[in-house]
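A.B. asks: Show me how the following folds:
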Amino acid sequence: MADVLHRVTKEYRRSVNTPDFSVVDWIINPDLTAVAGQPSKYWTITGDVVSLLDQAAQNAVDAAQLDADRDAAANTVDGIESYDRALVKMLIKEINILRADIDQYTPESRAPRTVAQFKTQIRNELDGT
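C.D. replies: Residues are numbered from 1 along each chain as shown. Prediction:
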């Protein structure tokens, strides 16, 4: 029985049947003392040696993950259900009204929105999607 570490995914498994794991893909009984207590995203593997990235490289990993997380969050708008999409579109229109020159709107358009108007706007957006 041995502990193994995948060279690419950095998956760590304990007490495995060693013949089931190829040394091409797995490090058998890796020495992890240099990375103890650190997230595997900060590990680097050279041959069979596992070491810790320097602080600049760790910062780059964190920045890349933050960008990926932000992209994923922003892209969820494309996959949401039609009601949610209609709500987002309607809110964007309302925000744009607030950002525009208010003098171009009639007193009626400046009045607070009602629930009935909200429902109508959502229905109109759903019809337009």
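
A.B. asks: which residues are contacting the helix ranked longest in the chain?
C.D. replies: Ranked by residue count and defined by DSSP state H, the top helix of the chain is helix 55-79. Outside of helix 55-79, the residues within contact range by C-beta atoms under 8 Å, 6 or more residues apart in numbering are K41, Y42, T44, L53, R85, V88. The way it works is simple: take the backbone N, C-alpha and C, and place the C-beta from them, glycine included.

A.B. asks: Show me what the helix or strand where the fifth one lies is packed up against.
C.D. replies: R85 is part of helix 82-99 when elements are defined by DSSP states H and E. Based on contacts counted as 3 or more C-beta pairs under 8 Å, 6 or more residues apart in numbering; DSSP states H and E, the elements that helix 82-99 packs against are helix 115-128.

A.B. asks: buried sites along the helix it packs on?
C.D. replies: Neighbour-count burial for helix 115-128 flags Q121, E125 (criterion: 16 or more other C-beta atoms under 10 Å).

A.B. asks: Report the distance from it to the chain centre.
C.D. replies: In this view, helix 115-128 has its centroid 31 Å away from the chain centroid, taken as C-alpha atoms, centre = their mean, to the nearest Å.

A.B. asks: Can you tell me what sits against it?
C.D. replies: Counting by C-beta under 8 Å, 6+ apart, S82, Y83, R85, A86, L87, K89, M90, K93 sit against helix 115-128.

A.B. asks: Most neighbours out of these, which is it?
C.D. replies: Neighbour counts for the contacts of helix 115-128 peak at A86, which has 20 neighbours (criterion: other C-beta atoms under 10 Å).

A.B. asks: Please report how far that residue lies from V8.
C.D. replies: Distance of A86 to V8, given as C-beta to C-beta, to the nearest Å: 43 Å.
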